[in-house]
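Sequence and predicted structure, then a few things I'm wondering about:
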Amino acid sequence: FKCLDPILTVVASLSGKSPFATVMNDATRAAAAHKKFRHESSDFLGFVLLWEIFVKEVETSRDQGRSFCRQNFINWTVMMEIRDLRRQNLELLCQIGFVRGKVRERDVSRTVYNQHGKNETVVHAVICAGLYPNIAHATKEHADDPPLLWHQKERLFFHSSSVNHGKKKLLSDWIVFHEKFATGRTTVSATCPIHPLTLIIFGGDVVVKHVERKVLVDDWIELTIAAQTGVMFRELRRKLDLLLLSLIEKADSSSGDGMVDGIVNLLSN
């Protein structure tokens, strides 16, 4: 979906320790420093923002990068691990043919494979595809209260480290999360809002309820949309599944450009 650069960063960032260092004797200063890397609604894009700023510092000099990490309470070792994982995953994509030619990790952002790298809706959709079925539904009992989070019948809570913790209004009623923690109550850590139609394209089994004008995904995700729209997206989902199978067999990442661009336009509008 041509948003390779941020996805490489997100995958690498979620694969190990958090780059945001926890300093027990200076927690207040550390929290203040970390705020400059917070995205307004997405913990995942917070990782991306941090990486982009870090890269600019390291390009000046390695010492400048280390100084940046010290000043902002960022774990230098973890940032190096993120760099290595970005490279390893990119090499793997090149080997299997999803990325054609020899593309250097530092050049990914300027290639055709990152054409939609700044489209947050698309980036979140791809994250949803990777983390599904980690989906939560946000509901409200009272307008002035923070939304209640549910994964099917399980009550969830935003972890205090999430940018969405304590918010009274979210950008979407549907949230994708990285993992759950059960510490008295079940919390979800890295989170972001997703476009509802993302769930039809990248979710589980889709059932269109024509009379009720609803679409049901995996028997619990209920979306209120016109039946005709639901049928169209279900068919699009079927064609996308066939395309992905074809890409795996032929390893030609350009063969589905038209369909991918169409999906991007639908999600973006």
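Now that the structure is in, tell me what you want to look at. Residues are numbered from 1 along each chain as shown.

Quick one: classify the residue of the chain positioned farthest from its centre as helix, strand or coil.
Among residues of the chain, the one most distant from the C-alpha centroid is Val211; the distance is 33.5 Å, by Cα atoms, centre = their mean. Under the three-state scheme (DSSP: H, G, I helix; E, B strand; the rest coil), Val211 adopts coil.

Next: the one 4 residues further on.
With three-state DSSP as the basis, Val215 sits in strand.

Can you tell me the closest non-neighbouring residue to it?
Gly230 (4.1 Å; Cβ to Cβ, 6 or more residues apart in numbering). (Each C-beta comes from the backbone N, C-alpha and C, glycine too.)

re earlier: which residues does the residue farthest from the centre of the chain contact?
With Cβ atoms under 8 Å, 6 or more residues apart in numbering as the criterion, no residue contacts Val211.

What distance do you get for it to Thr229?
15 Å (Cβ to Cβ, to the nearest Å).

Likewise for Ala30?
47 Å.

Of these two, which one has the most company?
Ala30 (18 against 15; other Cβ atoms under 10 Å).

Name the helix or strand for that one, please.
helix 27-34 (DSSP states H and E).

which strands and helices sit next to that helix?
helix 62-72 (3 or more Cβ pairs under 8 Å, 6 or more residues apart in numbering; DSSP states H and E).

residue ranges with poor pLDDT in the protein?
For the chain, applying pLDDT under 70 flags the ranges 251-256.

which residues in it form helices?
4-14, 27-34, 43-60, 62-72, 76-96, 120-131, 196-202, 227-250, 257-268 (DSSP state H).

Gly230 reaches Ile201, doesn't it?
No - taking contacts as Cβ atoms under 8 Å, Gly230 lies outside contact range of Ile201: 11.7 Å.

For these two, indicate the residue with more neighbours.
Neighbour count, other Cβ under 10 Å: between Gly230 and Ile201, Gly230 has more, with 23 against 20.

and the gap between the more buried one and Leu171?
22 Å.

what's the answer for Leu156, then?
Taking Cβ to Cβ, one finds Leu156 at 17 Å from Leu171.

For stretch 125-137, list every residue counted as buried.
Within stretch 125-137, the residues that qualify as buried are 125-129, 131-132, 134-137, counting by 16 or more other Cβ atoms under 10 Å.

next one: stretch 119-133 to chain centre, how far?
The chain centre lies 5 Å from the centre of stretch 119-133; the measure is Cα atoms, centre = their mean, to the nearest Å.

mind listing what Leu85 touches?
By Cβ under 8 Å, 6+ apart, the neighbours of Leu85 are 11-12, 15-16.

for Ser268, that is, sorry about that
Ser268 touches 119, 121-122, counting by Cβ under 8 Å, 6+ apart.

Alright, that wraps it up for me.
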